[in-house]
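**Student:** Compute the structure for the input listed below.
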Amino acid sequence: MQGIQVDPYKFDFLFGLFSDFVERKSGQKLTGFQCNEYLEREEGYKKNLHLEGRGRLDAESWKESDIGSGQIVRSIISAIELPGNNTVPWQARYGEEVRPHHGLYLAQDDKALLEEVERTLYNLYQQERDGSCFDELVRLLGRKYSLLAYLMFLKDSSRYLPIATRSFDQAFELLGVEHKTSAKCSWENYVGFLDAINQVRLLLEGRLSNPVRLLDAHSFVWMLVAQMRQEGDFEGNVNDFNRRKETERESIVRSRIGQGDFRKSLLAYWGNACAVTSCGNTSLLVASHIKPWAKA
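**Tutor:** Here you go, the predicted model:
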């Protein structure tokens with residue numbers, strides 16, 4: 001989808017707040033997502049959720065003859081009803097009175113609907129017809145955005161992500177992303193959501209010394225509203241930044257980007273080691289703390 005952009009000034013400002021937040025919580029400088037104990041503890045469950053969900057789904061064993069039998073829908077339901085699965089607001093924990101009203105349960109009592117739903121699910125996991133299958137499931141099950149995004153996430157966590165529309169709309173607003181997901185469940189909208197998260201991923205890679213997965217960028221965006229917004233000074237800092245003139249914002253960004261380039265130049269010049277001690281732990285280098293000897 002064209003036209004979706006992350007505001008680089010807002011991203012850089014929020015990344016600074018995020019880095020400080022993670023350091024306070026973990027006692028570690030933020031150098032990457034997978035090497036930070038706090039981030040792994042708070043967000044690492046999504047990796048396990050995907051693995052366990054894929055195991056319950058067992059889509060590789062599906063046969064075309066299973067379509068219409070109910071077996072495919074039962075495996076989907078099992079993959080949803082995982083302990084700790086907070087990505088879909090329909091789970092066993094909500095009670096038996098809720099479950100029968102869900103489209104997947106209704107399909108089990110409607111032979112024609114069951115066959116349509118299972119054929120579409122079979123095509124989704126056995127073929128590369130993701131966009132058409134997504135929109136077909138919207139038609140069959142309704143605009144259940146979180147459910148459909150979760151089914152895509154189960155297919156491939158390197159390309160697809162869960163969604164909580166209200167929270168991500170709030171986070172996108174913070175990042176200057178003009179893309180709304182609430183009440184807009186469609187393949188086109190979902191692709192736009194993924195594109196925005198991928199842009200965040202690329203920006204994160206530009207700030208960190210380690211690779212960033214799409215799922216890491218998802219965690220960054222989610223934590224802006226799910227955790228950081230609960231911090232007492234977060235809203236005030238954001239509002240203060242948004243009141244600044246564009247030239248002031250640009251100055252902040254250029255300063256931080258300049259420090260990043262300066263850091264890379266230092267590492268390249270000194271062979272990724274300290275010039276004095278030969279220590280090779282590059283995460284200890286904070287370029288913005290360096291000042292001329294005359295001012296030391």
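
**Student:** hang on, isn't Cys185 packed against Asp135?
**Tutor:** No - between Cys185 and Asp135 there is no contact, the gap being 9.4 Å when judged by Cβ atoms under 8 Å. No exception for glycine: its C-beta is placed from N, CA and C like everyone else's.

**Student:** And those two? Which one has more around it.
**Tutor:** Cys185 (22 against 17; other Cβ atoms under 10 Å).

**Student:** quick check: domain ranges of the chain?
**Tutor:** Per automatic domain parsing, the domain ranges recorded for the chain read 8-35+160-239, 48-155, 254-295.

**Student:** Once you drop chain neighbours, what's closest to the residue nearest to the spatial centre of the chain?
**Tutor:** With distances taken as Cα atoms, centre = their mean, the residue of the chain nearest its centroid is His218 (1.4 Å). Distance criterion Cβ to Cβ, 6 or more residues apart in numbering; nearest residue to His218, sequence neighbours excluded, is Leu161 at 4.8 Å.

**Student:** Could you check how far Tyr103 is from Leu148?
**Tutor:** Not Tyr; residue 103 is Gly. In this view, Gly103 and Leu148 are 11 Å apart by Cβ to Cβ, to the nearest Å.

**Student:** And for the helix or strand containing Arg74, what's in contact with it?
**Tutor:** Arg74 is part of helix 71-80 when elements are defined by DSSP states H and E. The list of residues contacting helix 71-80 from outside it, by Cβ atoms under 8 Å, 6 or more residues apart in numbering, reads 53-54, 56-59, 62, 66, 88, 90-91, 104-105, 107-108, 114, 117-118, 121-122, 147, 150-151, 154.

**Student:** Tell me how many other residues crowd Gly232.
**Tutor:** That count, for Gly232 with other Cβ under 10 Å as the rule, works out to 6.

**Student:** Look up phi and psi at it.
**Tutor:** Backbone torsions for Gly232, taken as degrees, to the nearest 10, come to phi -60, psi -40.

**Student:** mean confidence score for the helix or strand Glu23 falls within?
**Tutor:** Element membership for Glu23 (DSSP H and E) is helix 8-26. This predicted structure assigns helix 8-26 an average pLDDT of 92.

**Student:** Just give me how far it sits from the chain centre.
**Tutor:** How far helix 8-26 lies from its chain's middle: 16 Å, per Cα atoms, centre = their mean, to the nearest Å.

**Student:** Same question for stretch 48-66.
**Tutor:** The answer for stretch 48-66 is 22 Å, by Cα atoms, centre = their mean.

**Student:** Give me the buried stretch members for the helix or strand hosting Arg139, please.
**Tutor:** Assigned by DSSP H and E, Arg139 falls within helix 130-141. Neighbour-count burial for helix 130-141 flags 130, 133-138, 140-141 (criterion: 16 or more other Cβ atoms under 10 Å).

**Student:** Kindly report the same for stretch 182-194.
**Tutor:** Neighbour counts over stretch 182-194 (16+ other Cβ under 10 Å) mark 184-187, 189-190, 192-194 as buried.

**Student:** okay, Gly103 and Leu148: which has more neighbours?
**Tutor:** Ranked by neighbour count (other Cβ under 10 Å), Gly103 and Leu148 place Leu148 first, with 25 against 17.

**Student:** average pLDDT for the helix or strand where that one lies?
**Tutor:** Using DSSP H and E, Leu148 maps to helix 145-155. In this model, helix 145-155 has a mean pLDDT of 97.

**Student:** For the next helix or strand after it, enumerate the helices and strands it packs against.
**Tutor:** As assigned by DSSP H and E, the chain's next helix or strand after helix 145-155 is helix 165-174. The helices and strands touching helix 165-174, judged by 3 or more Cβ pairs under 8 Å, 6 or more residues apart in numbering; DSSP states H and E, are helix 214-226.

**Student:** sorry, back to before: packing partners for the helix or strand that the helix holding Arg74 is followed by?
**Tutor:** Per DSSP H and E, the first helix or strand lying C-terminal to helix 71-80 is helix 103-107. Helix 103-107 sits against helix 71-80, helix 111-126, helix 130-141, with contacts defined as 3+ Cβ pairs under 8 Å, 6+ apart.

**Student:** The first one: how far from the chain's middle?
**Tutor:** Read it as helix 71-80. The chain centre lies 24 Å from the centre of helix 71-80; the measure is Cα atoms, centre = their mean.

**Student:** Tell me where the model's unsure across the stretch 1-150 of the chain.
**Tutor:** 1-2, 90-101 (pLDDT under 70).

**Student:** thinking again about what came up before, which parts of the helix holding Glu23 count as buried, going by neighbours?
**Tutor:** Using 16+ other Cβ under 10 Å as the test for burial, helix 8-26 gives 8-15, 17-18, 21-22, 26.
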